[in-house]
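give me a 3D structure for the following:
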Amino acid sequence: MVMVVMTTSTMPVYSIEQISDLRWDARIILVFASEEPNLYVDQLKQVNDAIEERDIYWFVLSDNKTQTNYPKQLDTNFFSNTKDKYDSGVEPKVILIGKDGYIKESSNDLNFINIFDLIDAMPMRQFEMKQQKDY
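Numbering: from 1, shown residues only. From the prediction side, this is the model:
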């Protein structure tokens, strides 16, 4: 007789409540855009390879909605926590946050050349590129 034992996991699904939960794991691009948020999402998706290469999670926040490439669950308070901490009320607004959790740049447009150049000049990114080259 063959006996099959099935178990189910009761481990909670990890969700992030705020940007600081990603400190040291990823760089962050925040976009606050109440008008045409899908335009920003489309632009971000078009440079997906460059975003993945630089360990970037992006979040487009608009009208109580967050669109992101972050693969896990967002806490129900994520939107309000992020908006309270980073939104100045001027839109569109793009914020780059480094892996250290500090704001590296804030602008009114999503300029990938500037964003990627700034990231690639960071010491941690320089180290990452050297590590990739050595393999």
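
what stretches of this protein score poorly on pLDDT?
1-14, 135 (pLDDT under 70).

mind checking which helix or strand the residue nearest to the spatial centre of it is in?
In the chain, the centroid-proximal residue (CA atoms, centre = their mean) is Y57; its distance is 2.3 Å. Here Y57 sits within strand 56-62, counting by DSSP states H and E.

then I95?
Using DSSP H and E, I95 falls in strand 93-97.

which strands and helices sit next to that strand?
Applying 3 or more CB pairs under 8 Å, 6 or more residues apart in numbering; DSSP states H and E, we find strand 93-97 packed against strand 27-32, strand 103-107, helix 112-120. From N, CA and C alone the C-beta is placed, and that goes for glycine too.

show me what that strand pairs with in its sheet, parallel or antiparallel.
strand 27-32 (antiparallel), strand 103-107 (antiparallel) (DSSP bridges).

contacting residues around it?
For strand 93-97, contacts defined as CB atoms under 8 Å, 6 or more residues apart in numbering pick out 19, 27-33, 86-87, 103-111, 115, 118-119.
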